[in-house]
Structure formats: C-alpha cells, structure tokens
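Colleague: this is a predicted model, with the sequence first.
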Amino acid sequence: MKFKALLREGSRSYCEKTSTQHHEKFLHLTLKKICITLYITDFCLVTSNTDWRVIMQIQLDPNSELQLYKQLANQIIECIAQGELKNGDTLPSVRSMATDLGINVSTVSKSYHELEEKGLIELKPKAKAVIIGGQKRELEETEVEKVENALKPIMAEAFARGLEKEQMTSLFQRILKQWK
Amino acid sequence: MLIIVGIFIIVGIMEMMTPHLTRKTLVFGVSIPEPYVKHPQLKLWKKHYSQIIAGIAGLFLVGQIALYLSPIQEEKVSLISFILLYVMLLLSSGLYMSYHAKTKKLKVQEQWEAQIKTVYVTDLSIRQKEETLSPIFFSVPIIITLALIAFTYMNYESIPEVFATHWNGAGEVDGWTQKSRLSVISMPLILLAIQISFFMMSQGMKSAKIQLSAQAKEASIHRELTQRKYGSWYLAAINFSMTILFVVLHYTTVILQDQTAPYFFPLFLVFNVVTLGGLLVFIWKLSKSNERFDEVHTNETAATDDQYWKWGIFYCNKNDPSLLVPKKFGIGWTVNFANKWCYILIAITLLPILLVIFI
C-alpha cells in the first residue's frame, strides 16, 4: 500500500514540473520497476531487521528456509551490530538460552560455536559466552576480503535486477544507519 | 477460632481465584496455544471450577463453625479443623486434576497443535536486568542468626533448665523444652534453615527460565520482570519480619527468661500482616501485568514446555539449569526436579519440621 501511494505521488509531482502526458506513463512504469526491485532487495536484506526487535528480542521461525542455528546466530550478530549487545556483555548460557527459546541445546551450541569461529564471542568455562565483537579495530586484509566476497553476489543480483547504483548506496546507508 | 475460620476463608478464596490469576496461556496446567486463549470452553471451565470450589469451601466453613458450636473438646477441635483443611485441599486438587485432564483432551480433540505455527522467542536483555534483590538482602539475616547462635552459647550457663519453645496463635506459651546444647539453639536453627532456603530461592528466581509469548511480547516481558521483582521483594519482606520475630522471641525467652512479654502479640500480628499483605500485593501486581491477548491476529504461538511437566504440577527438565520455575497452575514458583540443588532445598525446608518432631 505504502509503495503504491509513494509511486503515485512521485510520478505526479514529477509530471507537474514537466507537464507532459507522455512522460507520465513512462515514468510511472520505471518508478514501479524501481520500487518493486527495491522492495524485493529490501525484503531480502532487511527482513530480519524490522522495528519490533528494538530490545534484543530473538524470534526463530522453524518454517524458514534458514536453519534455526543460523537464524539465532544472525539475530545475535544483528544485536551486536546495533550496539544493543556490547563488548563484554554476556549471553545466557547455552542451556539457559535453549530453555528460554524452547529449542535443543545442540542447536544453541552450534550457533554459539559459529559465533566463536567468527570471532564475535568468546566461550569461557562455566558456560559463559562473552561478546568480543562490536569494538572498533583494524580489520585484517583477509577479513575485508571475506566480507567483500560475501557481499558481491547479493549486490550483483540486485544490480542485474535493475537496481540503480545510487539506490544501492542509499539502501546501504539506510541499513548502516541502524547500527552504531 | 477466628484465626482458623480466617484461614478457611483465605484458602477458599485463593483456590477459587487460582485459574483466573495464572497466565492466559496456561489453563489448568496445560499450555494453550496463543490463538486459542479466548476459547469459550476454557472460560466456561474456569468459571465452573471457581463455582465448585466456592461450594466446597462454603460447606467446610459451615462444618468448621458447627464444630466450634458442638460440645467437642478443645484439643480435638484444632486437630479436626486441620484434617478438614487438608481434606478441602485434597478435594480441590482432585477437581484440578479432572479439569487438567479435560483441557488436555480438548487440546488433542480439536487438533490445536495442527492449526498453529510454533515460533521460538526470547529476549536477551531480561537476564541482564537486575530486577531481583541483591544476595546481600538474603545473607544479612543469615549472619544475624549465626551471631544469635554464638551469643546463645556465650550465655549458655545462665539459661534455665526448662524454657519456652512454642507459642499459640495468640502469642501465649504452650510448649516447654528441657535445656541442652541442641535445644537452646533449636529456634535459631529453624530460622537458619528457612533463611538458607530463602537465599537459594532468591538465587533461583534470578536464573529462572524466561517464557515469552509470541503475540504479546512486550506484555510477557513485563510480566516476567514483575514476577522476578516482586517475588524477591516479597521473599525479603517475609525473611526480615520472620528474622525479627524469631530473634526477639529467642532473646526474650532464652536470654532474658521472660515468657510472656507484652510485645509478643503485636510482633505476631506484624509478621502475619506482612506475610498475608505481601502475598496480596504480589498477586495484585502480577495479575495487573498479565498478558491480555486483545489482539491476536496470526496463528503464531511460542513453544510449549508441556513435555517437561507431569500433571502440570511437577517440572523436570534436565536441560534446564535453573532451580526454580514459575508454576503452571497458580501463582509463585516450583522447583525443577532435574536440578540436584532442589533436593537440598526440599531437605532444608523439611528440616524445621524434623527438628520440631525430634526435639
């Protein structure tokens, strides 16, 4: 609904300036295309980042294509990116987390180990998991490369679908704005 | 007489209110999927349960009053009234069990599980929030009691050969005990046992599991925090008023050797007011923070933990590291039987009873 309204308003305001009938239809179509692409990409990239998760809420969907452990890891990473989980904060122990969520202990454990491998948490004795990510530091060359490699296919897909480079940048900035 | 009648009335009202005070997703100890919390059959059963309990409690109350008017001896009356109270509790548990089974059956019959979508939800910030009181509140009373025991032994020689150890509801002495190394500290020991169990419970509340609902997240977060906060405040209030009561009683009777000080009765009164009033405040705060589920628009529900509960009363989950867990039926906490500390907690709680019997 929002997109439709946006679309109509955008094309109308542009037409008022140029006052050409022919332009309107063309513009309408182009805008529509952009909006749909934007919407799809937006949905793919930001789907797990909607507003309700403002206070470190985790919600896992068993029907999703993404495995549960992956969903959990992703959402914890987002909490770190948003600055809600800070360096030195502790996550609930594996068993506590599993009980709170109502999922298997092994699922949480797998998720925590993945976070440890990524260098975002440190697993300490007595079942403690401490956040070590989130602070500003010099990234190694290989790490930057890793990010680039992961990002490339997503951006390529969006570009191939017709997303303008400028829109991509603004999209990027919009997402980055949510993180501190 | 007034006290016993009062107990009957309070217990009756509590039992009546219980199904309405628990979370809406828990009906007679069965987890109800969130889209079904407003099921008319459940509402009807809750109402019936309250009505039947009201009938039973009313009947027992009349029986209790008749008991006082009958020419039965006074010692027998108190025994019979306690038996009556337990029979009443037994009857209401039986009623609960039958409704528990019915609710479970309804859930299976109407295939609720097949029509819902289970999601797994939690909030990472809750465990970091320090809503419960700090352990200091629960260790100070223990230190006071230890000091009292030491003080008693320092004055052991001056303690009389026989001293008061039991009081009735009106604060009059009705039990005497022979002096010995153990018996002089029996009261502080009972106090110590209760204080240690309270200490463990306060720690257990802090690490108890967090159960959020999928469709009323904010409300369920609020409820979890309220239960932790007021649960620990209530525990501390009982702890302090009980410590003051026991210390004053012990000091006055054993050290000062005064068995009928005028301040005994007000002290009993204060203790009872704190215990009962605190409970009412706790219940009021909790029921105010209950999730309402006014807006249920999807078929999502949070994961259930029914598989770890027996009859909706006993919780045993070996994957859950916590000692306490919020009750499924009723207000308050129950232990996780898979946690080995729970047996120590139960043993400590039973210790005072054993002490009373064997000393």
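Modeller: Arrived safely, thanks for sending.

Colleague: got a pLDDT number for B:W284?
Modeller: With respect to pLDDT, B:W284 scores 89.

Colleague: next SSE after the helix or strand hosting it?
Modeller: Per DSSP states H and E, B:W284 falls inside helix B:264-288. Counting by DSSP H and E, the next helix or strand C-terminal to helix B:264-288 is strand B:300-302.

Colleague: what's the burial count for the residue in chain A that chain B sits nearest to?
Modeller: Nearest residue of chain A to chain B: A:G102, at 3.0 Å (CB to the nearest CB). Yep, even glycine has a C-beta here, placed from its N, CA and C like the rest. By the criterion of other CB atoms under 10 Å in any protein chain shown, A:G102 has 20 neighbours.

Colleague: can I assume it is in contact with B:T304?
Modeller: Yes: counting by CB atoms under 8 Å, A:G102 touches B:T304, with 7.3 Å between them.

Colleague: show me the helices in the chain, by range?
Modeller: Chain wasn't specified; assuming chain A. Secondary structure of chain A (DSSP state H): helices located at A:2-18, A:21-46, A:68-81, A:94-101, A:105-117, A:141-160, A:165-177.

Colleague: if you could check chain B rather than the one you did, that'd help
Modeller: Using DSSP H, the helices of chain B run over B:2-21, B:40-69, B:74-109, B:136-154, B:186-207, B:217-250, B:264-288, B:341-358.

Colleague: please convert the ones you listed to JSON lines, extending it with distance to chain A.
Modeller: Output for these, formatted as JSON lines (distance: least, CB to the nearest CB, whole Å):
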{"stretch": "helix B:2-21", "distance to chain A": "23"}
{"stretch": "helix B:40-69", "distance to chain A": "22"}
{"stretch": "helix B:74-109", "distance to chain A": "17"}
{"stretch": "helix B:136-154", "distance to chain A": "21"}
{"stretch": "helix B:186-207", "distance to chain A": "7"}
{"stretch": "helix B:217-250", "distance to chain A": "6"}
{"stretch": "helix B:264-288", "distance to chain A": "20"}
{"stretch": "helix B:341-358", "distance to chain A": "15"}
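
Colleague: columns mean neighbour count on top of those helices, output as TSV?
Modeller: Formatted as TSV, the helices of chain B follow (neighbours: other CB atoms under 10 Å in any protein chain shown):
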stretch	mean neighbour count
helix B:2-21	16
helix B:40-69	15
helix B:74-109	15
helix B:136-154	16
helix B:186-207	21
helix B:217-250	20
helix B:264-288	15
helix B:341-358	14
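
Colleague: one step back: ranking the helices of chain A by mean pLDDT, which is last?
Modeller: When the helices of chain A are ranked by mean pLDDT, helix A:21-46 comes last with a mean of 48.

Colleague: residues contacting A:I121?
Modeller: A:76, A:91, A:112, A:115, A:129-133 (CB atoms under 8 Å, 6 or more residues apart in numbering or on different chains).

Colleague: what is the nearest of these to B:M242?
Modeller: Minimum distance to B:M242 across the contacts of A:I121 is 37.3 Å, recorded for A:L91 (CB to CB).

Colleague: so where's chain B uncertain?
Modeller: The model of chain B has pLDDT under 70 over residues B:1, B:165-173, B:355-359.

Colleague: and the residue of it nearest chain A?
Modeller: In chain B, the residue that lies nearest chain A is B:A303 (3.0 Å; CB to the nearest CB).

Colleague: once you drop chain neighbours, what's closest to B:D306?
Modeller: Distances taken as CB to CB, 6 or more residues apart in numbering or on different chains place B:S31 nearest to B:D306, at 5.0 Å, with adjacent residues excluded.

Colleague: burial count for that neighbour?
Modeller: Around B:S31 there are 24 other residues, counting by other CB under 10 Å.

Colleague: what comes up buried for stretch A:146-161?
Modeller: With burial defined by 16 or more other CB atoms under 10 Å in any protein chain shown, the residues of stretch A:146-161 counted as buried are A:155, A:158.

Colleague: contacts only, for the nearest residue to B:P19 once chain neighbours are set aside.
Modeller: Once flanking residues are discounted, B:P19 sits nearest to B:K46: 4.4 Å by CB to CB, 6+ apart. Contacts for B:K46 (CB under 8 Å, 6+ apart) come out as B:19-20, B:27.

Colleague: identify, from these, the entry nearest to B:L91.
Modeller: Closest to B:L91, out of all of the contacts of B:K46 and judged by CB to CB, is B:P19, at 15.6 Å.

Colleague: thought the closest one was touching B:L26?
Modeller: No: between B:P19 and B:L26 there is no contact under CB under 8 Å: 9.3 Å.

Colleague: hey, what's in contact with both of these two?
Modeller: B:F329.

Colleague: list, one by one, the residues from chain A near chain B.
Modeller: By the rule CB under 8 Å from any CB of the partner chain, the part of chain A lying against chain B is A:52, A:55-63, A:68, A:76, A:79, A:84-85, A:89-93, A:95-103, A:105, A:127.

Colleague: so what's B:V335 bridging to?
Modeller: Applying DSSP bridges to B:V335 yields these beta-bridge partners: B:L324.

Colleague: can you get me a residue count around it?
Modeller: B:V335: 22 neighbours (other CB under 10 Å).

Colleague: that one contacts B:I348, correct?
Modeller: No: contact criterion CB under 8 Å: B:V335 and B:I348 do not qualify, at 11.9 Å.

Colleague: so B:P141 sits right up against B:I238, yeah?
Modeller: No: in this structure, B:P141 is not within contact of B:I238 by CB under 8 Å, at 10.3 Å.

Colleague: my guess is B:S78 meets B:Q64, correct?
Modeller: No: in this structure B:S78 lies outside contact range of B:Q64 using CB under 8 Å: 11.0 Å.

Colleague: need the residues touching each of the two.
Modeller: Contact criterion CB under 8 Å, 6+ apart; residues shared by B:S78 and B:Q64: B:I4.

Colleague: can I see the domain layout of the chain?
Modeller: Reading this off chain A. According to automatic domain parsing, chain A comprises the domains A:2-48, A:50-131.

Colleague: right idea, wrong chain: chain B
Modeller: B:1-115, B:120-359.

Colleague: centre of the chain to the shortest one, how far?
Modeller: How far domain B:1-115 lies from its chain's middle: 16 Å, per CA atoms, centre = their mean, to the nearest Å.
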